[in-house]
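K.L.:
could you work out the structure for the sequence below:
(4 chains)
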There are 2 protein chains.
Amino acid sequence: MRISTKGDYATRALQDLALHYDEGPIPIEAIAQRQVLPARYLEQLLLTLKRAGVLASKRGVNGGYYLAKPPREVTLGQVLRAVDGPIAPIFCVSEENLREHCSQETTCALRDVWAEVRDAVSAIVDHTTLADICDRIRAKTKQRITYQI
Amino acid sequence: MRISTKGDYATRALQDLALHYDEGPIPIEAIAQRQVLPARYLEQLLLTLKRAGVLASKRGVNGGYYLAKPPREVTLGQVLRAVDGPIAPIFCVSEENLREHCSQETTCALRDVWAEVRDAVSAIVDHTTLADICDRIRAKTKQRITYQI
DNA sequence: AGATAGCCGACTGATTGACTCAAGTATTAA
DNA sequence: TTAATACTTGAGTCAATCAGTCGGCTATCT
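P.N.:
Sure thing, here's the model as predicted:
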């Protein structure tokens, strides 16, 4: 039940872009340095996310990537699906895979459990937006500062 | 967010063993045929599950594998963890990995989300037992028969 | 024009996934 | 006691995926 580094890196990059929303395009290199990610690899992921409609980009000097939509409208589910494919834990409960159905459906109760798992996971990732992530970080940071004073 | 074929095969094998609980040891070959699984591969998985304390076995003629505990006491979570490792979607929220913690915890809200996902998944798999699976199958089968009559 | 920065495709090396195989040991029935 | 059965153990294989890297191209701004 792992998410890949793609999912990990992509969500961290978007977390970063969301925190710097309204600052115009951010170059890959800046994101890579702040989040400690391999730049050339991140490049691929951001391009994928652009094709998925999550990001937009601007080339040349002062160019970079930026969110195609406000943070409130981008969910983690969109990001994960873009880079990692379906959320479903197993093919036979994937929404994108309706035609090919398991030969043993009638004698298998596991399928129902995997469907529950899929729903539980998407209930979380499809309802958590980048704005939520930003809010949590700000809450954390505030708390940390309070403690330090 | 996939479960591997190991998790898939192992749970199907245990579903089968649970349905045939009280029938004594069942040979690998019988399970493999009923569930349409590669026998030599299943062999490994069942051995792993034995080492994990989920299964017991008997060698020789009339030998085979059987549940080490009644179906009511075996959860899918135990099975999945035995063959696939931790449920956690990412290392930094794995219970088995407490010492090695993420360098960016204070500036990362994603970790909390992955922890939510982990909890949601384990809430399901750690509370679904093989007995539950059997009950569901029997309910399904009954329903199917009713329709056919 | 030149620097910046995204775009695109190809390539690679290591790991993991999904098995297979051979040989060994315990158990039982004939 | 021997033969058949069936789990046990460790090793080997083959392909796919992961996790990147690299070179060169194109667009944009100063």
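
K.L.:
residue A:88 in helix, strand or coil?
P.N.:
Following DSSP: H, G, I helix; E, B strand; the rest coil, residue A:88 is assigned to coil.

K.L.:
my guess is it contacts residue A:116, does it?
P.N.:
No: Residue A:88 is not in contact with residue A:116 according to C-beta atoms under 8 Å; the separation is 11.4 Å. The C-beta positions use only the backbone N, C-alpha and C, and glycine is treated the same way.

K.L.:
these two: who's more crowded?
P.N.:
residue A:88 (22 against 18; other C-beta atoms under 10 Å in any protein chain shown).

K.L.:
the more buried one - nearest residue in space that isn't next to it in sequence?
P.N.:
Nearest non-adjacent residue to residue A:88, counting by C-beta to C-beta, 6 or more residues apart in numbering or on different chains: residue A:94, 3.8 Å away.

K.L.:
residue A:19 now?
P.N.:
Nearest residue to residue A:19 in three dimensions, chain neighbours excluded: residue A:134, at 5.8 Å (C-beta to C-beta, 6+ apart).

K.L.:
next up, the contacts around that neighbour.
P.N.:
Residues near residue A:134 by C-beta atoms under 8 Å, 6 or more residues apart in numbering or on different chains: A:15, A:18-19, A:71, B:109.

K.L.:
who wins for neighbours among those?
P.N.:
Most surrounded of those: other C-beta under 10 Å gives residue A:15, at 24 neighbours.

K.L.:
contact partners for that residue?
P.N.:
Taking C-beta under 8 Å, 6+ apart, we find residue A:15 in contact with A:35, A:130, A:133-134, A:137, B:108-110.

K.L.:
make it 10 Å
P.N.:
Taking C-beta atoms under 10 Å, 6 or more residues apart in numbering or on different chains, we find residue A:15 in contact with A:31, A:35, A:71, A:76, A:79, A:130, A:133-134, A:136-137, B:107-110.

K.L.:
alpha carbons only: can I get the top helix by length along chain A in PDB?
P.N.:
In chain A, taking DSSP state H as the definition, the longest helix is helix A:130-148. C-alpha atoms of helix A:130-148 as PDB (Å, rounded to 0.1, in the frame of the first residue of the first chain):
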ATOM      1  CA  LEU A 130      -3.700  22.300  -1.300                       C
ATOM      2  CA  ALA A 131      -5.400  25.100   0.700                       C
ATOM      3  CA  ASP A 132      -6.000  22.700   3.500                       C
ATOM      4  CA  ILE A 133      -2.300  21.800   3.400                       C
ATOM      5  CA  CYS A 134      -1.300  25.400   3.600                       C
ATOM      6  CA  ASP A 135      -3.600  26.000   6.500                       C
ATOM      7  CA  ARG A 136      -2.200  23.200   8.500                       C
ATOM      8  CA  ILE A 137       1.400  24.300   7.800                       C
ATOM      9  CA  ARG A 138       0.600  27.800   9.000                       C
ATOM     10  CA  ALA A 139      -1.100  26.400  12.100                       C
ATOM     11  CA  LYS A 140       2.000  24.300  12.800                       C
ATOM     12  CA  THR A 141       4.400  27.100  12.300                       C
ATOM     13  CA  LYS A 142       2.500  29.500  14.500                       C
ATOM     14  CA  GLN A 143       2.300  26.900  17.200                       C
ATOM     15  CA  ARG A 144       6.100  26.300  16.900                       C
ATOM     16  CA  ILE A 145       6.900  29.900  17.200                       C
ATOM     17  CA  THR A 146       4.600  30.300  20.200                       C
ATOM     18  CA  TYR A 147       6.500  27.500  22.000                       C
ATOM     19  CA  GLN A 148       9.800  29.100  21.200                       C
END
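
K.L.:
just list whatever residues bridge to residue A:58.
P.N.:
In this entry, residue A:58 is beta-bridged to residue A:64, by DSSP bridges.

K.L.:
which residues in chain A form helices?
P.N.:
Here chain A has its helices, by DSSP H, at A:5-19, A:28-35, A:39-51, A:76-84, A:110-125, A:130-148.

K.L.:
mind putting those helices into CSV with distance to residue B:124 and mean pLDDT?
P.N.:
Below are those laid out as CSV (distance: least, C-beta to C-beta, whole Å; pLDDT from 0 to 100):
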stretch, distance to residue B:124, mean pLDDT
helix A:5-19, 20, 97
helix A:28-35, 32, 96
helix A:39-51, 30, 98
helix A:76-84, 18, 96
helix A:110-125, 5, 96
helix A:130-148, 23, 86
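
K.L.:
of all the ones you listed, which lies closest to residue B:123?
P.N.:
Among those, helix A:110-125 comes nearest to residue B:123, with 7.4 Å by C-beta to C-beta.
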